[in-house]
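A.B. asks: Sequence and predicted structure below; questions after.
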Amino acid sequence: AQSVTQLGSHVSVSEGALVLLRCNYSSSVPPYLFWYVQYPNQGLQLLLKYTTGATLVKGINGFEAEFKKSETSFHLTKPSAHMSDAAEYFCAVSGGNTPLVFGKGTRLSVIA
Amino acid sequence: DAGITQSPRYKITETGRQVTLMCHQTWSHSYMFWYRQDLGHGLRLIYYSAAADITDKGEVPDGYVVSRSKTENFPLTLESATRSQTSVYFCASSESIPGGGTDTQYFGPGTRLTVL
């Protein structure tokens, strides 16, 4: 079985500051890892994903995440926050051929 | 319009009533999913379907029924609504299950359901 823990239900950063959203996973098989973003009153959309290969994956809007097997982590980063990044972010895991298991989400606020 | 749509977008009902939430996708994706989103719980999978006439339970299936007679439609029915089913419901679709090359899930805009 798979599970995801997102550390921090709410993260607040200043505009232009580094964004770091933490995700740790548990999986008995090699994981497939995803980050989705949800803007207010909308459905979720894919930011980036790791399946196999390069452990540093780049996504849309300048976000990237690094798969660290030894730390069972898949933290999401962006060098410089924009006001438009304010949203809720969900980390998700699958063992392959199984549905995604989502974390509880982290709400990102960006302060001008 | 291409994409994935849900109807209604908002619904208020009473305890004990039957409610059906509709989901329609135009991509002919094989997989479809129903999630509920609740504060403090994130997204939880209710049911999913790998193809027409193939459905399977997710994490929280109790109190819900699904069917999939056509690839493009995946309705979710609450047979006897309870207050605990007040939530925002999201439908999603993807071409493959996670790990496949086309596993991106595309989400609908959600249905906000209130059970009084």
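C.D. replies: Alright, I've got the coordinates.

A.B. asks: now B:E95: how far from A:Y39?
C.D. replies: Computed as Cβ to Cβ, to the nearest Å, the B:E95 to A:Y39 distance reads 24 Å. (Glycine included, C-beta is placed from N, CA and C.)

A.B. asks: Those two: which is more packed in?
C.D. replies: When B:E95 and A:Y39 are compared for neighbours, B:E95 comes out ahead with 16 against 13, by other Cβ atoms under 10 Å in any protein chain shown.

A.B. asks: show me the residues around the residue most central in space within chain B that make contact.
C.D. replies: The residue at the geometric middle of chain B, judged as the C-alpha nearest the mean C-alpha position with Cα atoms, centre = their mean, is B:W34 (2.6 Å). When the contact criterion is Cβ atoms under 8 Å, 6 or more residues apart in numbering or on different chains, the partners of B:W34 are B:21, B:23, B:45-48, B:58, B:64, B:66, B:74, B:76, B:89-91.

A.B. asks: The chain: strands as residue ranges?
C.D. replies: Since no chain was named, I'll use chain A. Listed in chain order, the strands of chain A (DSSP state E) span A:3-7, A:10-14, A:19-26, A:32-38, A:44-50, A:56-58, A:64-68, A:73-78, A:87-94, A:101-102, A:106-111.

A.B. asks: hmm, I had chain B in mind actually
C.D. replies: B:4-7, B:10-13, B:19-25, B:31-38, B:42-51, B:54-57, B:64-66, B:76-78, B:87-94, B:106-107, B:111-115.

A.B. asks: contact partners of the third one?
C.D. replies: Put plainly, it is strand B:19-25. If you take Cβ under 8 Å, 6+ apart as the criterion, strand B:19-25 is touched by B:3-8, B:11, B:13, B:32, B:34, B:72-78, B:81, B:89, B:91, B:93, B:106, B:108, B:111, B:113.

A.B. asks: before we move on, what about the longest one?
C.D. replies: Identification of contacts with strand B:42-51 by Cβ under 8 Å, 6+ apart yields A:44, A:90, A:99-105, B:30-38, B:55-61, B:64, B:66, B:68, B:71, B:74, B:76, B:89-90, B:97.

A.B. asks: buried subset of the residues you listed?
C.D. replies: When neighbours are counted using 16 or more other Cβ atoms under 10 Å in any protein chain shown, the contacts of strand B:42-51 contain these buried positions: A:44, A:90, A:99-105, B:30-37, B:55, B:58, B:60-61, B:64, B:66, B:68, B:71, B:74, B:76, B:89-90, B:97.

A.B. asks: Make CSV from the strands of chain B and add mean pLDDT and distance to A:S12 to it.
C.D. replies: Written out in CSV, the entries for these read as follows (pLDDT from 0 to 100; distance: least, Cβ to Cβ, whole Å):
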stretch, mean pLDDT, distance to A:S12
strand B:4-7, 96, 31
strand B:10-13, 98, 30
strand B:19-25, 98, 34
strand B:31-38, 96, 22
strand B:42-51, 95, 19
strand B:54-57, 95, 38
strand B:64-66, 98, 36
strand B:76-78, 98, 35
strand B:87-94, 96, 24
strand B:106-107, 94, 25
strand B:111-115, 98, 26
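
A.B. asks: what does chain B put close to chain A?
C.D. replies: Taking Cβ under 8 Å from any Cβ of the partner chain as the contact definition, chain B meets chain A at B:4, B:33, B:35, B:40-45, B:48, B:58-59, B:90, B:92, B:97-99, B:103-110.
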